[in-house]
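Q: This is the structure alone, sequence omitted:
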């Protein structure tokens, strides 16, 4: 994967059915960064069952404290990351605005700074969307490429609707069905534990 066209930034990775028994069984991972040095992603469909306020000791706005906290991956579970979007802002209205390296998709950025998170939480935009994660998924150089060659993952284009609007528990089967084909449909309907079938 020597050229940028083969990197997976902005793509969703889905367990292809080969990751049973691992942390990544039935996960959907948004690849936020990917280059020759490795990859960084966030699992979109693993809620911790706790709010941000219950787990993060910081002076955050109430709107953020009440938000669910997601388990972004098995690496550094104490590290906080967040995805944010604001449909009101567009690059057409602000030609000099660029999220640069933090931009995962158009109008979707990755952040790690608590100060930035507080600023976003205190902004009064009715269209802002924020999702916060503890931990992340990380791959060393060449590791994700090897997993792709072994067909451990399926890919699907990410969208703001899939990141923010789709219920986490419905994300993996919904995307599999969207991909089409009888194999994906069958995979989306399989129980976690095949002995229950």
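A: Here it is on my side, so go on. Keep in mind it's a predicted model, so treat the numbers as computed, not measured.

Q: ok, longest helix in this protein?
A: Assignment by DSSP state H gives helix 168-179 as the longest helix of the chain.

Q: what does that one contact?
A: Here helix 168-179 makes contact (CB atoms under 8 Å, 6 or more residues apart in numbering) with 12, 14-15, 26-28, 44-47, 70, 154, 156, 162, 166, 184-185, 187-189. No exception for glycine: its C-beta is placed from N, CA and C like everyone else's.

Q: what's the weakest-modelled helix or strand in the chain?
A: Least confident helix or strand, the chain: helix 182-189 with a mean of 80, by mean pLDDT, DSSP states H and E.

Q: quick one: buried residues of that helix?
A: In terms of neighbour count (16 or more other CB atoms under 10 Å), helix 182-189 has its buried residues at 184, 187, 188.

Q: got TSV for those residues, with distance to residue 74 too?
A: Output for those, formatted as TSV (distance: CB to CB, whole Å):
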residue	distance to residue 74
184	25
187	23
188	24
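
Q: ranges for the helices of the protein?
A: For the chain, helices defined by DSSP H occupy the ranges 52-55, 62-65, 114-122, 143-149, 160, 168-179, 182-189.
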